[in-house]
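A.B. asks: Need the 3D shape of this:
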Amino acid sequence: MRRTYLGEFEEIVLLMVAILNGEAYGVTVSQEIEQHTGRLVTFGTVHNTLIRLEEKGFVTSDLGGATAERGGRRKRLFSVTALGSRALQDIQQVRSQLWQLMPPNALKVSGI
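C.D. replies: Modelled structure (predicted):
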């Protein structure tokens, strides 16, 4: 099977969808990313990323119930697929292995 790679922002969005565990939609993902990373992201950027992740098979979406606060519109809720879960596990494993290879003084800044 050919491996599909994720960009940094795709990884963050996919992680947030997993963290929100069935309650992830564009607005909540945007808010949570901002809260936990300090990174300001627009709804449009997150929405486009969610759609791209769905096209790649990493997430799936379903329409939730209509709510009064949304003017009767339904939320598109996203969930991580088995492929998305495997991708996150692979990423975590690769990053962990790379950090273990880091020499103890590799991050010291010389001359300060």
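A.B. asks: next one: stretch 51-70 to chain centre, how far?
C.D. replies: 14 Å (Cα atoms, centre = their mean, to the nearest Å).
A.B. asks: ok so residue 65 is a helix residue?
C.D. replies: No. With DSSP: H, G, I helix; E, B strand; the rest coil as the criterion, residue 65 is assigned strand and is not in a helix.
A.B. asks: That one is in contact with residue 72, isn't it?
C.D. replies: No. Using Cβ atoms under 8 Å, residue 65 makes no contact with residue 72, being 10.2 Å away. Where you see a C-beta, it was placed from the backbone N, CA and C, and this is true even at glycine.
A.B. asks: which residue ranges form the strands in this protein?
C.D. replies: For the chain, applying DSSP state E gives strands covering 59-66, 74-80.
A.B. asks: For the protein, which residues score under the pLDDT cut-off?
C.D. replies: 1-4, 66, 68-71, 111-112 (pLDDT under 70).
A.B. asks: Okay, helices next: where are they in it?
C.D. replies: 8-20, 26-37, 43-56, 82-101 (DSSP state H).
A.B. asks: buried stuff in the third one?
C.D. replies: Counting neighbours by 16 or more other Cβ atoms under 10 Å, one finds that the buried residues in helix 43-56 are 46, 47, 49, 50, 52, 53, 54, 56.
A.B. asks: Which strands and helices lie in contact with that helix?
C.D. replies: helix 8-20, helix 26-37, strand 59-66, strand 74-80 (3 or more Cβ pairs under 8 Å, 6 or more residues apart in numbering; DSSP states H and E).
A.B. asks: Same check on the longest one?
C.D. replies: If you count contacts as 3+ Cβ pairs under 8 Å, 6+ apart, helix 82-101 packs onto helix 8-20.
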